[in-house]
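**Q** Structure, please.
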Amino acid sequence: INNLFNNYFLRNRCKNLRSLVENWKSNQYFEKRMKIFRDCVKIINNSRKTANFSNLVVPTLITQIDGIQRDIMDFYDLNKYPDEIKSKLNNRKNSQETYYRTLTKDDWIYDAMNDIFLKVLFQTAYPRTGYTYPMHFSRHKILHGNNINYGRTDYSWRCFMILDKVNTLADLKNLESKKN
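**A** Purely as a prediction, here's the structure:
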């Protein structure tokens, strides 16, 4: 499967990857980050024979995914919740998962985004412990230096595919909002 993704994304000077990224430019959460995404594609295209691009691309994209998640959640108006829920949300003892799940519990599209964010990329992962979910791809283990073997092309493709899924769900949310 990794060879399929490598061939698909790297073929014709990363034409398919460039096309994927360009489809994000009209997304309100992505547009201010487009330079970063395009630079990642350029790094992949220009260094794939001389350096391991995943060592640079994966941490860069993970931080952008983190920022997009926060931007999406910032659109929630906490004032619409009753006081007991607001106080629960503002309680620092709550986990990030509890916080985001509470915010999105009545919205299937944002809840689907949270499945991607919370079960895959932001899964709970403590030093010297295993992964909570079978996909061994944790922001925490990569950015905190516990996983130093993240420099794999499949990790790069996972980042791009997570971003593409979030883009698709955000597009669905926009269509749903226009319909209502």
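
**Q** Pull out the buried positions in the stretch of helix or strand Ile162 belongs to.
**A** Ile162 belongs to helix 153-179 when assigned by DSSP states H and E. Buried residues in helix 153-179, counted by 16 or more other CB atoms under 10 Å: 153, 155-160, 162-163, 166-170, 173. In this view, the C-beta of every residue, glycine as well, is placed from N, C-alpha and C.

**Q** now stretch 33-48
**A** 33, 37, 40-41, 43-44, 48.

**Q** Specify which member of those is nearest to Leu143.
**A** Cys40 (16.1 Å; CB to CB).

**Q** about what we covered before: restricted to helices, list the buried residues of stretch 33-48.
**A** 37, 40-41, 43-44 (DSSP state H).

**Q** what's around Lys25, how many residues?
**A** Lys25 has 12 neighbouring residues, counting by other CB atoms under 10 Å.

**Q** For it, which non-adjacent residue is closest in space?
**A** Met34 (5.5 Å; CB to CB, 6 or more residues apart in numbering).

**Q** Verify the contact between the one you found and Asn27 for me.
**A** No. Applying CB atoms under 8 Å as the test, Met34 and Asn27 come out as separate, 9.2 Å apart.

**Q** Next, the contact list for Trp157, please.
**A** Listed by CB atoms under 8 Å, 6 or more residues apart in numbering, the contact set of Trp157 reads 5-6, 9.

**Q** ok, and the most crowded of those?
**A** Going by other CB under 10 Å, Phe9 tops those with 20 neighbours.

**Q** which phi and psi does that one have?
**A** phi -80, psi -30 (degrees, to the nearest 10).
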